[in-house]
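> Would you be able to build a 3D model of this:
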Amino acid sequence: MYVRSVNEMTVILLTGILHTALLKKVLDAFLPAMGRDRLRWKIVFAGYYLMTTSAFTAFHASLLYGLCNLAGILGVACFYRAPLEKKVWICMFFFCLDTGSGAAAAFAGAQEARMQQSAVSAWFLLMCVAVACHIPDPKDSREIALDKRQMFLLYVIPVLSVAVFWELLYGSAGRRTAFLLCAAVMALNLCVFYLYHILLKNYVQLREQDIYKQQALAYQNQLEVIMGSQSRIRALRHDMKNHLLALRGLANGAKLEEMAEYLDSIQEFMQNPMEHVYTGNEALDSLLNFKLQRAQELLKKVETDIVLPKKMKLHSFDFNVIVGNLLDNAAAAAMQTEEQFLKLSMRMENGVLFLYMVNSCIGIPEGVCEIRRLSEKSAAGHGIGLANAWRIVEKYHGDMEMRCKGDFMETEIMLYMKNL
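Residues are numbered from 1 along each chain as shown. This is a model prediction of the structure:
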């Protein structure tokens, strides 16, 4: 049995600290953390450090150590908030760089000196992490992942790379050739990581373009609503003299019921069927009238109860993401039910915006729903884009809850308008 010296154990412990710090650096750079409890994070990374250091001391750079290291990386990633596909991808990327660094160190002349091999491996990993962390990664895209097929193809690269590293370690290739192959494979993974972020950036841009397109359609619809309302006002003004004469005649004859019916007819004439909401806020009215008009065309029953002030500190883009996605998904889910029902209520109280929505639905279990699971398209059609809405709600420190009661989905959102 190999007995480690004090110096070698010291190097292993120090490189373990560096290794843990590099893992934290990568995860913090590309994944949003869940909570800011420092004690919890210290416990999480201390556990990872103890686990991997003990495994390396017992098994050295072997398959058993690799499995322990991978399990530890995945365990730490569980404390970050992001789609599962992205967390696994980041973990596999770091594990690939770590394994490649160890293999490169083994072929760089440190095969006989285990102490040197551990230090050289940490140095190689440090260089790779430094390169990776200089790749631009906007915070608003950290909770976004590509679709599952694209992510599966991305998984293949680090998995095959790790297989190549292990084959080189236990194969018969020359040291120089094996070292060059390790360096080339690691460089390939860094390039793929860079291309992934380019794809992610393009995905975010396409999503924003789609939202801006929706806003343009909403403004166009609102213009038609305004023009229709003005046309009705002009028609009423043109005939106002005749209406006043008719009302005077009814009043002189004390025909109160007929006069009330006449006034109801005027009020009904003035109502624009395309104008579901009028708050005076152009961005808000445009979006809600456009979405509610489409919902009314698709569903049997649409109810609204919206009372909002004209002046609101409101980012129309973010509000479009929240309300637009919610109404689209609610209408899509309600269409597949017999009731085809949708109700939207909005209130503003003491600087807090309250949104309550109910829609008929099928195929969703009773109780509070996990939004991240609903964000995947289901057979009920309920969930497309909910992850985007949840991201915006969290951005403004709000709260969002979705629960299913019987055949109806209830959605409640609370937003602090002082942050909007």
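
> Am I right that residue 364 falls within a helix?
No: checked against DSSP: H, G, I helix; E, B strand; the rest coil, residue 364 lies outside a helix; its state is coil.

> How confident is the prediction for it, by pLDDT?
pLDDT, residue 364: 81.

> Now it. Nearest residue, chain neighbours left out?
residue 404 (4.6 Å; C-beta to C-beta, 6 or more residues apart in numbering). Where you see a C-beta, it was placed from the backbone N, CA and C, and this is true even at glycine.

> And the one you found, which helix or strand is it part of?
Residue 404 belongs to strand 399-405 when assigned by DSSP states H and E.

> how far out from the middle of the chain is that strand?
17 Å (C-alpha atoms, centre = their mean, to the nearest Å).

> Okay, buried residues for it please.
Residues of strand 399-405 classed as buried by neighbour count (16 or more other C-beta atoms under 10 Å): 400, 402, 404.

> so residue 415, which of the three states?
Strictly by three-state DSSP, residue 415 counts as strand.

> roughly how far apart are it and residue 286?
Plainly put, residue 415 is 19 Å away from residue 286 if you go by C-beta to C-beta, to the nearest Å.

> now do residue 27
Taking C-beta to C-beta as the measure, residue 27 and residue 286 are separated by 41 Å.

> Equivalent analysis for residue 386, please.
Distance from residue 386 to residue 286, by C-beta to C-beta: 22 Å.

> what's the neighbour count on residue 181?
Look at residue 181: counted by other C-beta atoms under 10 Å, it has 19 neighbours.

> Might you report the residue contacts of the closest residue to it other than its chain neighbours?
Spatial nearest neighbour of residue 181, excluding adjacent residues (C-beta to C-beta, 6+ apart): residue 168 at 6.1 Å. By C-beta atoms under 8 Å, 6 or more residues apart in numbering, the residues touching residue 168 are 103, 107, 178, 181-182.

> Where does residue 168 sit, in terms of helix or strand?
Assigned by DSSP H and E, residue 168 belongs to helix 148-170.

> May I see the buried residues of that helix?
In helix 148-170, counting by 16+ other C-beta under 10 Å, buried: 151, 154, 157-158, 161-162, 164-165, 168-169.

> Stretch 167-184 too?
168-169, 178-179, 181-183.

> And residue 35, what's its pLDDT?
Confidence score, pLDDT, at residue 35: 69.

> Now do the strands in the chain.
301-307, 341-349, 352-360, 367-368, 399-405, 408-416 (DSSP state E).

> Report the contact partners of the closest residue to residue 192 other than its chain neighbours.
What sits nearest to residue 192 in space, not counting adjacent residues and going by C-beta to C-beta, 6+ apart, is residue 157, at 5.0 Å. Neighbouring residues of residue 157 by C-beta under 8 Å, 6+ apart: 96, 188-189, 192.
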